Each structure stands twice: as structure tokens, then as C-alpha cells.
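Peer 1: sequence plus the predicted model coming up.
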Amino acid sequence: MKIAIITETFLPSTDGVVTRLCASIRWLRRNGHEVLVIAPDLGEQEYMGAKVAGVPARSFFFYPDRKFSLPTAKVKKYLREFQPDLVHAVNPAFLGLAGVYYSRRLRLPLVASYHTNIAQYMKFYHLSFLQPLTWKYLQLLHNQARLNLCTSRAVQNALTERGFRNVHVWSRGVALDRFHPSHRENSWRERLSNGHPEKLLLLYVGRLAPEKGIEGIRPLLTKSADFCLALVGDGPHRQALEKHFQGTQTVFTGFLHGEDLAKAYASSDIFLFPSLTDTLGLVILEAMASGLPVIAADSGPAREQIAPAINGLLYNPAQAESLEQAVEDLRDQQVRRDMGGRARATAAEFGWERPAEQLLQFYRQALAGDPVPAQEPGLTRGRGSGLEASPEPGQILRSTGHIKR
């Protein structure tokens, strides 16, 4: 099969979307499938035999440390040259708009996947007024696809309630050989604890962004000198967090990759996941694979991964004492060790092969569908209904001035 993947983010960027894509591409290539990745041009030209076709990218004021690509006719050029059997639009928003549009123009079967709660993020960047429009826009894009994928049942239900059609859950996975308790090292524990390896070492891995709820960890550190925190990652909120955590035992490492990231996980005691906005949180599974018990803010996606008192604990982020009690419950080393062992056993059921096989089945299901019409009308209502017709992807593209007929 020839698959064109159009994504808003790819290497060398680091996040759960890129992790999932790379694992899927590796499996697809090993099994003889051809893959083209169309992504923001960040210097990558090839990954595991898959060509990376770059599109000029730029930063925006609301997220200055990440580059995005606007819709462009280059997408049409790349698709025509590659002649894919199917297009997969990953998190379509900016570049993905062109992917959706040209898939329809070229009559290519389209699969779309939803990984980021963009509309929910708006309030953290003083853009709450855009939330209703953003939801309508995302619904429009995703409803051009034969299949829509998401990463948790909670998100599947939420999207279906908002009118997204034909939504399926794409299973989670983790690199079990990379993330393992055996990577624990005293030198890394020294580094992450800022020279206090005897203290209880709490770990966060992910983007340092307002929507992640990281500030809520601070009261825990001010209540007891027995705890220290390592924040692994970077993002637009780093300076604000450095100021917020002044006077506490907190280490900022920046992004870690590969073996270094595996050692950071395995050398810590407890993994914290304070986000309520993630659609899944693959880092939870990475921490479990590394033998760490996980304490996560109580959310739908977190509940799908954590069995309380078995492989982790859930807490109410609106109540500081809830997180404090959860950490207190894991003070005892043997309790942590037992729960961490069960966490590893949970993760062992989720290698990347099964999600990759599942993705291929989704592709085959999309290919077996009815032919895609050249133009499909948007959602229309009779006059006087109070609801305007939804614009077509092409109308949006032409209104931006980036693509002409």
C-alpha cells in the first residue's frame, strides 16, 4: 500500500503524536508499505525509508517555540507525484486543511486522526472566544474523512457528541525495549534530584505549556522538604514555570531523548501527570513501562490507563490535598516497588505492533469504502433554521489566499 501521511508535527519535534507516527511508520516500512510524510520543513528528509516532503514553516505568537505550515498547493504536487492509495491527515488544522482539500480534489480516500484538544487549549492562550468556531472548523475537516481515529474512548465519546462522524479508537502503545526499569542509574538520580538522591523523586515528562496544569504540583513541594521534582521537557511556559517553582527542589532538564529519557524515567520514584486536556498521554505508558507508579489528574483518558491502587493513583487537581495524599500513600518504598511492578505488567500488554496492525486495518477499511465524490456539500439547513451552511474546505483555503483554483 502507498500511504501519504500529512501531519502538523514531525521530527525533530518531540511529542506523543510524533512518537506514535514514528512507531507506525517503522512497522509499515518493515511490512513492505510505501510511506510519504508531508510535514513542516524542520530539516528531516527521510525516516526509516519514508521520504519526508517538507513544507515551509513559521512560528506564531501563541506558540513561538513551535513551527507550523500553512496550507499550500505543494501538498497537491507531492500527492500527484507519489500517487498514494490513501491519505492520512494527522491532527488536521493548518497544513492538514490542504491535505483534506486535495484528497477530495484528487479523489483519494482519506483517514483523519484527532490527537490534540486544540479548542480546549484556546482558553489557556486568551483565545476562548475562538472555541466554538474552532470546534466547527475541526468538525468540518474531520467529517470529510471516511474514518476518524482518536486515542481514547473518552475522546471518542466527546467527538461523537460534537458531531464528528465514524470515530474509532486507535490503540496506544509503548517501546517496551526502550523503557524498562533496568535503565535506572545513580548518576541520573543525582542529576534529576539536584544532588539529593535520598529524597522522593517526582518526575514530569512533556511539554511545558499552560494547559498541562504543572503549576498545581508546587504546593506539594512547599509542604515537605522530603520531595524533589524533575521537569523533563520544554515549551512556551518554561520561563513562567521557572519563576513559579523558585525556592523549591525543582530541576528543569529540557527535552531528553532516547536512552537519556529512558534513564530519567527509570531513575525516578513516582511519575506525575497533572494534565486534564490530553487526549491520552503516552508518557503515562512510558512511565509504567519503566516501572514507575503513576499519579495522574482524574480525567477520562487517565482512567482508561490507570487502575487505582493497582498501577497508579488518581487525584483531584482542584484540591491540593488530593495530590498530597496520593504522594503520601506512595512514600513507602515497598509500596512503590509493588505498584511499579504492576505498572510494568500493564505496559507489557501494549507494544507498538498491535496499534500499527490496527492502523493498517483502518486503512484497508477506508479503501474498501464507497468512492469519494469529487465535491461533497457541506452541512446545509433550510433558510430560517438559524444555522448557516458549513463552508467547504476549498472555500476556507481560497479565503486565506494560499490556494487558488
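Peer 2: Looks like it came in fine.
Peer 1: if I look at residue 269, how far off is residue 194?
Peer 2: 15 Å (CB to CB, to the nearest Å). For the C-beta atoms, the positions are set from N, CA and C on the backbone; glycine is no exception.
Peer 1: tell me which of those two has more neighbours.
Peer 2: Neighbour comparison, residue 269 and residue 194: the larger count goes to residue 269, with 22 against 15 (by other CB atoms under 10 Å).
Peer 1: identify the residues contacting the more buried one.
Peer 2: 200, 201, 202, 203, 292, 330, 336 (CB atoms under 8 Å, 6 or more residues apart in numbering).
Peer 1: residues near the third one, how many?
Peer 2: For residue 202, the neighbour count with other CB under 10 Å is 25.
Peer 1: residue contacts, it?
Peer 2: Contact analysis of residue 202 by CB under 8 Å, 6+ apart lists 217, 220, 227, 228, 229, 230, 268, 269, 270, 271, 272, 327.
Peer 1: just give me the closest of the residues you listed to residue 256.
Peer 2: Ranked by distance to residue 256 (CB to CB), those are led by residue 230 at 9.9 Å.
Peer 1: touching, that closest one and residue 197? I think so.
Peer 2: No - look at residue 230 against residue 197 with CB atoms under 8 Å: they stay out of range, at 11.7 Å.
Peer 1: where does this structure have low pLDDT?
Peer 2: 62, 370-405 (pLDDT under 70).
Peer 1: if you set the cut-off to 80 instead, what comes out?
Peer 2: Along the chain, the parts satisfying pLDDT under 80 run over 61-65, 370-405.
Peer 1: and residue 230 and residue 197? Which one has more around it.
Peer 2: residue 230 (25 against 16).
Peer 1: for that one, name its beta-bridge partners.
Peer 2: residue 203, residue 251 (DSSP bridges).
Peer 1: need the contacts of residue 202 in a markdown table (columns: distance to residue 152 and secondary structure).
Peer 2: Shown next, in a markdown table, are those (distance: CB to CB, whole Å; DSSP: H, G, I helix; E, B strand; the rest coil):
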| residue | distance to residue 152 | secondary structure |
| --- | --- | --- |
| 217 | 23 | helix |
| 220 | 26 | helix |
| 227 | 30 | strand |
| 228 | 31 | strand |
| 229 | 26 | strand |
| 230 | 26 | strand |
| 268 | 25 | coil |
| 269 | 27 | coil |
| 270 | 23 | strand |
| 271 | 18 | strand |
| 272 | 19 | strand |
| 327 | 25 | helix |
